[in-house]
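Chemist: fold the following for me, if possible:
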Amino acid sequence: MAGKPLLGILTIYLNDNKAIDERSVYRKMTIAGQKQGLDVIVFTPDDVDEKNGRIYAMVYDPGKQAWGRRWTRFPQLIYDRARIQKNERYERFVAFRRKYAHLIFLSRPLRNKWTIYHMLSSVPEFKGHLPATRLYESPSDAYDLLRKYGTVYIKPINGTGGRGILRIERLSGGMLLIQGRDHSRNIISPRRIRRESLPAVLQSWHRRGSRYIVQQGLQIKLPDGRVHDYRMLVQKTGSGEWEVTGCAGRVGPRHSVTSNLHGGGTAAPMETLLRQWASDEEEIAEIRNEAERFGLEVAKRLESTYGTLCELALDLAIDRDGRIWLLEVNHKPAREVFNQAGEREVYRRAVTRPIEYALWKYRQSRSGKRRSGISSGTK
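Modeler: Modelled structure (predicted):
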């Protein structure tokens, strides 16, 4: 590994048995890196030997088609894939990022759902694409949006994968319909409650230490009654430019209020879902083009606010008028939706683009050092 630039994929162990998520994706990235002249390792903060400045990394050997362990130097580039956990492992990850902030990270952390919404809603051209949202402080926040929109979603500000999402729909006669997923992603069966019972339901739903947003509900059901949305992946290319890698649809299982694949949802090409209600192919193409323009503008705005980013997943809803809504943004996205939708070439690009971007970042850093050296030498 001595001669090539080294990319470290930074993650967190899922449990005390040192299991990691996305191992198959990292295998593909390792192979792609080898073809392009970039070595790839996978590690967690628990694998770092700070005293000797080395890492006991997980390394995939394409020849043996097997993972192994090897002591390596610190990587020049770090691709952060660590997702939020509420435990000491995540605290060690936060401490690692803080201590080694001088290293080249492909992406900076984004803020939570509420902060991102608040920032984007201040941009006039985005405001019409954002569902009405407020920080949940008391049941009156839910009541206010229910009166105006009839349906609201309550979401953890740091939640992922559909965990802990509650859907509340206003019915006639002072009744409410409650559905959702608990914090372990299990579907909560629909139940009717009286309006005055809502505070007690919300109190029991609330997880200690978590904060939530209340968001306007959108009519995003397919003709068969299942909810759906779209996952758009926007990534940096090997020339450091933003580009839409792909956009695929996600359809939730019956009785689910979310469409996440981890929660039992299925994937489909974007056009397949749009054809269920759009009038013709011209309208479909226009909607897709508009969605891609919007996605690129959001990526550029977030990067200008929070610093260098590598990739973003935008969860979009598209209503029957063709209006595009931004539901949320994820800066550490999965890409399996494209594989499941049968879009194999999009999936391949989704896997290889972080490698291409990492090489571009490395070359930029090298040329920057050379320019700095020349500048210093001429003084």
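
Chemist: can you pull out the helices in the stretch 101-250 of the chain?
Modeler: For the stretch 101-250 of the chain, the helices defined by DSSP state H, counting those that start in this stretch cover 113-120, 124-127, 139-149, 198-205.

Chemist: which positions within the third one qualify as buried?
Modeler: By 16 or more other C-beta atoms under 10 Å, the buried positions in helix 139-149 come out as Pro139, Asp141, Ala142, Tyr143, Leu145, Leu146, Tyr149. To be clear about C-beta, it is placed using only N, CA and C from the backbone, and glycine gets the same treatment.

Chemist: buried residues, stretch 169-177. List them.
Modeler: Result for stretch 169-177 [16+ other C-beta under 10 Å]: buried residues Glu169, Arg170, Leu176.

Chemist: likewise stretch 119-138?
Modeler: Buried residues in stretch 119-138 (16+ other C-beta under 10 Å): Leu120, Phe126, His129, Leu130, Pro131, Thr133, Arg134, Tyr136.

Chemist: wait, which of those is closest to Ile287?
Modeler: His129 (13.0 Å; C-beta to C-beta).

Chemist: doesn't Ile318 make contact with the closest one?
Modeler: No: counting by C-beta atoms under 8 Å, His129 stays clear of Ile318, with 10.5 Å between them.

Chemist: joint contacts of these two?
Modeler: Ile324, Trp325 (C-beta atoms under 8 Å, 6 or more residues apart in numbering).

Chemist: tell me the one of the buried residues of stretch 119-138 nearest Ile193?
Modeler: Comparing these against Ile193 with C-beta to C-beta picks out Tyr136 as the nearest, at 17.8 Å.

Chemist: and for Lys99, the neighbour number?
Modeler: 12 (other C-beta atoms under 10 Å).

Chemist: can you check Asn158 too?
Modeler: Count around Asn158 with other C-beta under 10 Å applied: 17.

Chemist: need the contact list for it.
Modeler: Going by C-beta under 8 Å, 6+ apart, Asn158 touches Ile84, Asn112, Lys113, Ser210, Arg211.

Chemist: spatially central residue in the chain, please.
Modeler: Among the residues of the chain, Asn330 comes closest to the average C-alpha position under C-alpha atoms, centre = their mean, at 2.4 Å.

Chemist: pop out the phi and psi values for that residue.
Modeler: Here is the backbone geometry of Asn330 (degrees, to the nearest 10): phi -130, psi 120.

Chemist: likewise Val40?
Modeler: Per degrees, to the nearest 10, the backbone of Val40 is at phi -130, psi 130.

Chemist: so it bridges to which residues?
Modeler: Leu7 (DSSP bridges).

Chemist: so it is in contact with Ile9, correct?
Modeler: Yes: Val40 sits in contact with Ile9 when judged by C-beta under 8 Å, with a separation of 6.6 Å.

Chemist: among the contacts of Asn158, who's most crowded?
Modeler: Lys113 (23 neighbours).

Chemist: right, and that residue touches Tyr212 too?
Modeler: No: at 9.2 Å, Lys113 does not count as touching Tyr212 under the criterion of C-beta under 8 Å.

Chemist: list residues touching both of these two?
Modeler: Lys155, Ile157.

Chemist: can I see the domain layout of the protein?
Modeler: The record's domain parsing of the chain by automatic domain parsing lists 6-105, 107-128+221-371, 132-217.

Chemist: let's have the ones you listed in TSV, adding mean pLDDT.
Modeler: Listed next are the domains of the chain as TSV, based on pLDDT from 0 to 100:
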stretch	mean pLDDT
domain 6-105	95
domain 107-128+221-371	92
domain 132-217	89
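
Chemist: ok, and the closest non-adjacent residue to Cys247?
Modeler: In this structure, Cys247 finds its nearest non-sequential neighbour in Met232, 4.2 Å apart by C-beta to C-beta, 6 or more residues apart in numbering.

Chemist: now do the contacts for the one you found.
Modeler: Met232 neighbours (C-beta under 8 Å, 6+ apart): Val244, Gly246, Cys247, Ala291, Glu292, Gly295, Ala313, Leu314, Asp315, Leu316.

Chemist: mind listing what the first one touches?
Modeler: By C-beta under 8 Å, 6+ apart, the contact list for Val244 reads Met232, Leu233, Val234, Glu292, Gly295, Leu296.

Chemist: what helix or strand is the nearest residue to Leu218 once chain neighbours are set aside on?
Modeler: Residue nearest to Leu218 in three dimensions, not counting chain neighbours: Ala317, with 5.0 Å by C-beta to C-beta, 6+ apart. Following DSSP states H and E, one finds Ala317 within strand 311-318.

Chemist: partner strands of that strand and their direction?
Modeler: With DSSP bridges as the test, strand 311-318 pairs up with strand 228-236 (antiparallel), strand 324-330 (antiparallel).

Chemist: tell me the buried residues in the helix or strand just after the shortest one?
Modeler: Moving toward the C-terminus from strand 324-330, the next helix or strand (DSSP H and E) is helix 336-340. Taking 16+ other C-beta under 10 Å as the basis for neighbour counts, the residues of helix 336-340 that come out buried are Glu336, Val337, Phe338, Asn339.

Chemist: tabulate those (CSV), appending distance to Arg98.
Modeler: Output for the buried residues of helix 336-340, formatted as CSV (distance: C-beta to C-beta, whole Å):
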residue, distance to Arg98
Glu336, 31
Val337, 32
Phe338, 34
Asn339, 35
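
Chemist: going by distance to Lys99, which of these wins?
Modeler: Glu336 (32.0 Å).

Chemist: just checking, that closest one touches Leu261?
Modeler: Yes: with contact defined as C-beta under 8 Å, Glu336 counts as touching Leu261 (6.2 Å).

Chemist: what is in contact with these two at once?
Modeler: Ala267.

Chemist: still on that earlier bit, what does the strand holding Ala317 contact?
Modeler: Contacts of strand 311-318 (C-beta under 8 Å, 6+ apart): 107, 218, 220, 229-236, 247, 274, 287, 291, 295, 298-299, 302, 324-331, 333-334, 353-354.
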